[in-house]
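Enquirer: Prediction below, plus the sequence it came from.
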Amino acid sequence: MAGGEVRRARRMAVAAAAVACLLTATACADDKPRATGSKPAAPQPLGAEERELLHDTEQTLLRQCMRQQGFRLWKVPLKPVPEQREFPYAVDDVKWAREHGYGSDLQERAEKLRTEDPNRRYFEGLPAERRAAAKAALHGRDRRGGPSVTLPGGGVARRSGDGCTAQAQTRLYGDFARWFRTKTFTDNLTGLRMARVGAEPAFRKAVKDWSSCMRGKGHAYDDPGQARHAFTAPTAGKTAAATGRARSAEVSTAVAEAECARGSGLSEVAERLHRRHGERLRAEYREQVNERLRLEHAALLRVPGLSASR
């Protein structure tokens, strides 16, 4: 995998957790047992270990395919930096904020892993013609003949129907085009969910209350995104890494954000609206959501046979 593929793997890790929350029937934090009824149970979302298993199996299939094409490939873990977390509305974990601030230290670790990634070094070390052939072997040659899907928020996504990625996902999920369309569509529901939460008057009021709390602590930010950007934007990275003072400012601001997210009610409002819009989106796109779950569960059943054939 080239550098872009490594970044894609990291985004997949974040997306996997977010989509798992969207696919489940309740918020991720709600782990109370459910009453059983007479209706057939809907497919259940995968747990973390099951998602890891599918990812690892696909990585193994990719390696096999690339080796057959005459190229090398190293596995990329689903979560290269396990401590990395996504806070879609505001950092609200005070303990995490005290340790990582807004996560610039984890970003530096992720960037170091990306720079040292053996796949990136391998691809960059190939002659130009050979490198182009390796990328084509991995990703396919032409998206125009591959599957496409119209996204829930508009726009169209396409993927090449050949190459090792398509072959690996065909072996794991049974039907590459079907898997690509379903996964891509449901992945995009996460952004739609966040946009709907952000448009809610209750959320906007909670953000204003959060901002007032932050100003009371000496941090003049209109919203959590503005605060985070001040410390995690690319232009801010070098400063944060170069001076302990900047790192201290990041941590103190992130801790204040988390305390204000809890104290102002923003965290509670965001969680409630997040749950509500997740339920609405699951109902609105029930067919696509359940289709993805069915494909994932069917893939889990294939893993032992695929593992035995390695």
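Expert: Noted; the coordinates are in hand. Numbering: from 1, shown residues only.
Enquirer: Give me the helices and strands touching the biggest helix by length in the chain, please.
Expert: Longest helix in the chain by number of residues (criterion: DSSP state H): helix 286-308. Judged by 3 or more CB pairs under 8 Å, 6 or more residues apart in numbering; DSSP states H and E, the packing partners of helix 286-308 are helix 3-23, helix 48-68, helix 164-173, helix 176-187. Bear in mind the C-beta positions are built from the backbone N, C-alpha and C, glycine included.
Enquirer: Listing request: residues of the stretch 1-150 of the chain with sub-threshold pLDDT.
Expert: For the stretch 1-150 of the chain, residues meeting the criterion pLDDT under 70 lie at 1-41.
Enquirer: picking that back up, so which bits of the longest helix of the chain are buried?
Expert: Across helix 286-308, burial judged by 16 or more other CB atoms under 10 Å covers Q288, V289, N290, E291, R292, L293, L295, E296, A299, V303, L306.
Enquirer: now those as CSV including pLDDT and distance to Q59?
Expert: As requested, the buried residues of helix 286-308 are exported to CSV (pLDDT from 0 to 100; distance: CB to CB, whole Å):
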residue, pLDDT, distance to Q59
Q288, 97, 25
V289, 97, 25
N290, 97, 26
E291, 97, 24
R292, 98, 20
L293, 98, 22
L295, 98, 18
E296, 98, 16
A299, 98, 14
V303, 96, 12
L306, 90, 12
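Enquirer: just those now: which is nearest A132?
Expert: Checking the buried residues of helix 286-308 against A132 by CB to CB gives L306 as the nearest, at 29.2 Å.
Enquirer: Correct me if wrong: that closest one contacts D56.
Expert: No: counting by CB atoms under 8 Å, D56 is not a contact partner of L306; they are 10.8 Å apart.
Enquirer: Can you tell me the SS state at A157?
Expert: What DSSP: H, G, I helix; E, B strand; the rest coil gives for A157 is strand.
Enquirer: Counting neighbours, what do you get for P127?
Expert: 8 (other CB atoms under 10 Å).
Enquirer: Now do whatever helix or strand A206 lives in: which elements does it pack against?
Expert: A206 belongs to helix 201-216 when assigned by DSSP states H and E. If contacts are counted by 3+ CB pairs under 8 Å, 6+ apart, helix 201-216 sits against helix 224-232, helix 244-263, helix 266-284.
Enquirer: Redo the ones you listed as a markdown table? Include mean neighbour count.
Expert: Output for those, formatted as a markdown table (neighbours: other CB atoms under 10 Å):
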| stretch | mean neighbour count |
| --- | --- |
| helix 224-232 | 19 |
| helix 244-263 | 20 |
| helix 266-284 | 18 |
